[in-house]
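In: With the input below, show me the fold.
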Amino acid sequence: MKIQTVTDLVKTIKIAIQEAQRSLDVAGLRIENADLEIKTKLVTSVEGGVKFKVVPVDLSGSYETRSVHTISMSLEPGPVPTLKLFADLSDELKDAVEAIGNAVREAAQSSPVFQLSEAKVQIEFGITADGGIQFVVGGKGGRDSSQSVTLTLKRKDSANH
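Out: Next up, the predicted model:
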């Protein structure tokens, strides 16, 4: 899937979450909510319409800070439909969930015993000019073009499930 719009990015994140669901199940975790911070720019079409486009990673820095707009959303999960895999993001998410699951098991194994109240996973990435995903490493891409998704995880057996 080529990511150009906010809708494309939300679809991609939903797919990644679905692909990571098995890791969540194994760890006994559920997603409480997903917070997205999406860097966008306004683009005017030939017909005169205006659209928010996702800002691509631009290492040359050609986007001025004042032309970048941030859309923040907090989404709560509902029923999970079947979606197509978007490997890059789902692999990162699976790895993060597995690390949290391992840490939670370790925290509960010996005295003093701890249970997970809440865990957050924040993944920062950029959208390439061709609509792919590039993970933000060592400050590459800059804050004006990085996207982020933060998932809040809770135990499956916790209240308000």
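
In: Heading C-terminal from the biggest strand by length in the chain, find the next helix or strand.
Out: Longest strand in the chain, counting residues (DSSP state E): strand 29-44. Once the chain leaves strand 29-44, the next helix or strand it forms, by DSSP states H and E, is strand 50-54.

In: strand partners of the next helix or strand after that next one, parallel vs antiparallel please.
Out: The C-terminal neighbour of strand 50-54 among helices and strands, as given by DSSP H and E, is strand 69-75. Paired neighbours of strand 69-75 in the sheet (DSSP bridges): strand 29-44 (antiparallel).

In: quick one: average pLDDT of the longest strand of the chain?
Out: Throughout strand 29-44, pLDDT has a mean value of 83.

In: C-alpha coordinates for that strand, PDB please?
Out: Taking Å, rounded to 0.1, in the frame of the first residue of the first chain, the C-alpha atoms of strand 29-44 are listed here in PDB:
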ATOM      1  CA  LEU A  29      -2.300  -8.200  26.500                       C
ATOM      2  CA  ARG A  30      -5.000  -6.100  24.800                       C
ATOM      3  CA  ILE A  31      -4.800  -2.700  23.100                       C
ATOM      4  CA  GLU A  32      -6.600   0.000  25.200                       C
ATOM      5  CA  ASN A  33      -6.100   2.700  22.600                       C
ATOM      6  CA  ALA A  34      -3.900   3.900  19.800                       C
ATOM      7  CA  ASP A  35      -2.600   7.500  19.700                       C
ATOM      8  CA  LEU A  36      -1.400   8.700  16.400                       C
ATOM      9  CA  GLU A  37       0.600  11.800  15.600                       C
ATOM     10  CA  ILE A  38       0.600  12.500  11.900                       C
ATOM     11  CA  LYS A  39       2.700  15.200  10.200                       C
ATOM     12  CA  THR A  40       0.800  16.600   7.200                       C
ATOM     13  CA  LYS A  41       0.900  19.300   4.600                       C
ATOM     14  CA  LEU A  42      -2.000  21.000   2.800                       C
ATOM     15  CA  VAL A  43      -2.000  20.300  -0.900                       C
ATOM     16  CA  THR A  44      -4.300  22.100  -3.300                       C
END
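
In: how many neighbours does the residue lying closest to V97 once chain neighbours are set aside have?
Out: Closest residue in space to V97, ignoring its immediate chain neighbours: S23 at 4.2 Å, by C-beta to C-beta, 6 or more residues apart in numbering. Any C-beta I mention is one placed from the backbone N, CA and C, and that applies to glycine too. The number of residues packed near S23 is 19, by other C-beta atoms under 10 Å.

In: What are the buried residues along the longest strand of the chain?
Out: If you call a residue buried by 16 or more other C-beta atoms under 10 Å, then strand 29-44 has these buried ones: 29-32, 34, 36, 38-41.
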